[in-house]
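Peer 1: The amino acid sequence is not available; the structure is as follows:
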């Protein structure tokens, strides 16, 4: 199937062509027609499968077809709520890209920054509002924004919303939204609490489930290094000697751990920055921008940022610390191998984390390939003398060329369509 077969209006179809996209991802192919029919939708698809375009494109078309007078101030017609600033910005960028020829307006609001420019944008009138829960409720309390005329409501990354403690904020928003509306609910996982929440939001929804939430993309090559905790930083430095690793996203379990890794990498001459909950919004956004532009080679993150990082052609994810929640592993490595692209995920596993590794392998229903020869095997205070720098990564991965984009076609489903 191509986008030409989805009966999209010309202004949107033209924007999609200008972006260089031809083939929708599975979640897009299934969701877009159903949303265009006006159905409520329950979308369960692992991260990186193209959920943003799956709701952004049909919302733009539905609002465009209303043919309202866009020359005068109008109420907000669509509200998209997402848990983090990074996700909100990315969704806003996607809507701007796909809707550039529609005449529809959109804006993004989030906390951690002065509200002045956001309020001015709202006063000018917007059709589509992308928001994080806290800032939205704050502006509602100030009577600066109204959601009482919303026609299409989207709750994105619902399970992450629950993890971050936003469930009460979401319920406060639901109490204000008009009962007669179209609702779209997206989540990477469907634990009982999320199913219960979905049931309170949706009416006779169509369910779109592209891949099991517990699976990892087949295009991601996964490897595990067994290493003592004290040698992890040395192993990371050794792995990064591979010049084929142009950029890498590294996950630690704690904020303190992330900052420590960054300090050591910087001392060894590797450009690195951290992104986690203790960083200001501006610092997090700057670090992410630097990483996207490859002025920063290594971005070190905690799980709170796992789904807010959307980087084109990201090839390497390194689990410096294994997560104690196996689903987090799926979300972490989902930052690479997005929408059919290739990717590589390394995991560093110390003795205390072996139980976490077993839980991960049980969840994803596969054994992760062990790297047997590397300079820092368990029990070694110093690098193993027989090991060389070339042993620090699987032979098939050393050249750094295995994941290179093969031109326009191979990158169709990587960047903004997610």
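Peer 2: Done, it's in. Not measured: the values here are computed from a predicted model.

Peer 1: Who are the contact partners of the nearest residue to residue 75 once chain neighbours are set aside?
Peer 2: Of all residues beyond its chain neighbours, the one nearest residue 75 is residue 149 (4.0 Å), with distances taken as Cβ to Cβ, 6 or more residues apart in numbering. For glycine as for every other residue, the C-beta is placed from the backbone atoms N, C-alpha and C. For residue 149, the contact set (Cβ atoms under 8 Å, 6 or more residues apart in numbering) comprises 75-77, 178.

Peer 1: Listing request: residues of the stretch 201-350 of the chain with sub-threshold pLDDT.
Peer 2: Under the criterion pLDDT under 70, the flagged ranges of the stretch 201-350 of the chain are 211-215, 277, 281, 304-309, 338-340.

Peer 1: Go ahead and name everything in contact with the strand or helix carrying residue 354.
Peer 2: Using DSSP states H and E, residue 354 falls within helix 354-364. With Cβ under 8 Å, 6+ apart as the test, helix 354-364 has contacts from 214-216, 224, 322-324, 326-327, 329-330, 347, 349, 367-368.

Peer 1: same thing but at 10 Å, please
Peer 2: 212-216, 222, 224, 226, 253, 319, 321-330, 333, 347, 349-350, 353, 366-368, 370 (Cβ atoms under 10 Å, 6 or more residues apart in numbering).

Peer 1: Those, buried ones only, as a PyMOL selection?
Peer 2: Of those, the buried ones can be selected in PyMOL as follows, counting by 16 or more other Cβ atoms under 10 Å:
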select buried, resi 212+213+216+222+224+226+253+319+321+322+323+326+327+328+329+330+333+347+349+350+353+368
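
Peer 1: How are the strands of the stretch 251-400 of the chain distributed by residue range?
Peer 2: With DSSP state E, counting those that start in this stretch as the criterion, the stretch 251-400 of the chain has strands at 272-275, 298-301, 316-319, 343-349, 369-370.

Peer 1: which residues of the stretch 151-300 of the chain fall in helices?
Peer 2: Using DSSP state H, counting those that start in this stretch, the helices assigned to the stretch 151-300 of the chain run over residues 158-163, 167-176, 192-201, 232-239, 255-267, 281-292.

Peer 1: Identify whichever of those helices lies nearest to residue 136.
Peer 2: In terms of Cβ to Cβ, the element of those nearest to residue 136 is helix 167-176, at 7.0 Å.

Peer 1: now the closest one: how far from the chain's centre is it?
Peer 2: 23 Å (Cα atoms, centre = their mean, to the nearest Å).

Peer 1: What helices and strands are in contact with that helix?
Peer 2: Judged by 3 or more Cβ pairs under 10 Å, 6 or more residues apart in numbering; DSSP states H and E, helix 167-176 is in contact with strand 78-81, helix 133-141, strand 152-155, helix 158-163, helix 192-201.

Peer 1: weakest of the ones you listed by average pLDDT?
Peer 2: Lowest mean pLDDT within those: helix 158-163, at a mean of 84.

Peer 1: In terms of secondary structure, what does that one contact?
Peer 2: Using 3+ Cβ pairs under 10 Å, 6+ apart: helix 158-163 touches strand 41-44, helix 167-176, strand 182-187, helix 192-201, helix 326-333.

Peer 1: which other residues reach it?
Peer 2: With Cβ under 10 Å, 6+ apart, helix 158-163 has contacts from 42-44, 47, 81-84, 87, 132-133, 155, 157, 166-167, 169-170, 185-191, 193-194, 197-198, 201, 213, 303-304, 306-308, 325, 327-328, 331.

Peer 1: Repeat the analysis, applying 6 Å as the threshold.
Peer 2: Helix 158-163 is contacted by residues 83, 187-189, 193-194, 307 when judged by Cβ atoms under 6 Å, 6 or more residues apart in numbering.

Peer 1: List the buried residues of stretch 177-195.
Peer 2: Result for stretch 177-195 [16+ other Cβ under 10 Å]: buried residues 177, 181-190, 194.
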